[in-house]
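Visitor: my questions concern the predicted model and sequence given below.
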Amino acid sequence: MSTDTAPSGLLQLIWLASPALPIGGFSYSEGLEAAIEQGLVHHEHSATDWVVDQMHLTQSRGDMAVLAQAIPAWQIGDQARLQALNDWVMATRETAEMRLQTEQMGRSLLDWLRNLQQASDDQLRLCASLPVTYPMAMSLALSLAHAPLDQALQAYAFGWAENMTQAALKSVPLGQSAGQRMLARLAREIPLAVQTAMQMSNDDRQAFSPMLAILSSRHETQYSRIFRS
């Protein structure tokens with residue numbers, strides 16, 4: 001990789017991992033707020049364990065595994081593969097709020113790509129026709145960085161970890177120092193999650209997390225909440 005392209009790829013990954021990316025990730029707690037309401041999460045240790053477990057049990061085996069397969073599919077233009085992966089993501093959203101999140105964030109990221117003119121017209125048309133989910137839009141954005149696959153997945157995972165940490169800080173609530181300790185733990189766990197995602201085959205990929213689905217459905221009717229449902 002030449003010195004001209006390496007910095008731009010790194011900067012693109014940092015940009016995509018930033019919580020400032022205007023796609024609305026900060027507005028979802030992905031079941032965490034309901035877990036707090038139920039007393040399952042109530043301090044720094046339980047919040048950290050919850051997010052780490054979610055990363056290994058749902059993200060690495062589900063969405064991150066999709067990203068690991070979709071990024072190279074975008075790079076070679078395999079439309080059938082992209083359609084199949086997008087259909088799988090949509091089928092794994094077990095609650096209305098989970099489906100809302102993946103559709104809304106997918107559309108917002110697609111708008112971001114369109115506004116910055118980073119994706120080709122054919123890629124944008126394919127996304128619009130799926131209709132695109134967040135993992136598929138993110139895999140397109142990551143593929144355009146032309147970074148090594150493991151680094152692309154690390155960027156995605158750290159962006160997700162930051163959003164979940166911010167959700168914990170607001171809703172447990174926790175202080176900033178606790179949040180930094182949470183991120184430090186998550187950063188140590190991310191390489192293993194990435195390795196797991198890259199090793200997942202079609203048959204191994206899964207989204208079996210019944211407790212998370214139950215909490216998400218409860219969050220939809222939770223009387224007092226901060227995050228979107």
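Guide: Right, received. Where do you want to start?
Visitor: tell me where the model's unsure across the chain.
Guide: 1-7, 229 (pLDDT under 70).
Visitor: what residues are up against the spatially most central residue of it?
Guide: Residue closest to the mean C-alpha point of the chain, counted by C-alpha atoms, centre = their mean, is Trp160 at 5.2 Å. Taking C-beta atoms under 8 Å, 6 or more residues apart in numbering, we find Trp160 in contact with 25, 55, 59. Every C-beta, even on glycine, is put in place using the N, C-alpha and C of the backbone.
Visitor: repeat that for 6 Å
Guide: Counting by C-beta atoms under 6 Å, 6 or more residues apart in numbering, Trp160 touches no other residue.
Visitor: residue contacts, Leu186?
Guide: Ala161.
Visitor: and after the strand or helix carrying it, which helix or strand comes next?
Guide: Using DSSP states H and E, Leu186 maps to helix 176-199. Following helix 176-199 in sequence order, the next helix or strand is helix 210-219 (DSSP H and E).
Visitor: show me what that next one is packed against.
Guide: helix 32-37 (3 or more C-beta pairs under 6 Å, 6 or more residues apart in numbering; DSSP states H and E).
Visitor: show me what the helix it packs on is in contact with.
Guide: 41, 167, 171, 215, 218-219, 222, 225, 227.
Visitor: for Ser18, state which of these is nearest.
Guide: Ala167 (16.1 Å; C-beta to C-beta).
Visitor: wait, isn't that closest one in contact with Glu30?
Guide: No - in this structure, Ala167 is not within contact of Glu30 by C-beta atoms under 6 Å, at 7.6 Å.
Visitor: helix/strand/coil for Ala20?
Guide: coil (DSSP: H, G, I helix; E, B strand; the rest coil).
Visitor: okay, now it: neighbour count?
Guide: 7 (other C-beta atoms under 10 Å).
Visitor: just read off the phi/psi values of it.
Guide: phi -80, psi -10 (degrees, to the nearest 10).
Visitor: ok so, going back, any idea how far the helix holding Leu186 is from the chain center?
Guide: Its chain's C-alpha centre lies 13 Å from the corresponding centre of helix 176-199 when counted by C-alpha atoms, centre = their mean, to the nearest Å.
Visitor: can you give me the buried ones in that helix?
Guide: Neighbour counts over helix 176-199 (16 or more other C-beta atoms under 10 Å) mark 178-179, 181-183, 185-186, 189-190, 193-194, 196-198 as buried.
Visitor: now render these as CSV, adding distance to Gly77.
Guide: CSV is the format used below for these (distance: C-beta to C-beta, whole Å):
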residue, distance to Gly77
Ala178, 45
Gly179, 40
Arg181, 43
Met182, 39
Leu183, 36
Arg185, 39
Leu186, 34
Glu189, 33
Ile190, 29
Ala193, 28
Val194, 25
Thr196, 27
Ala197, 22
Met198, 21
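Visitor: quick check: the two most widely separated of those?
Guide: Ala178 and Met198 (30.8 Å).
Visitor: quick one: which of the contacts of helix 32-37 is nearest Ala68?
Guide: Ala167 (24.7 Å).
Visitor: against Gln104, how distant is that closest one?
Guide: Ala167 is 16 Å from Gln104, where distance means C-beta to C-beta, to the nearest Å.
Visitor: and these two? which has more neighbours close in?
Guide: Of the pair Ala167 and Gln104, Ala167 is the one with more neighbours under other C-beta under 10 Å, namely 24 against 17.
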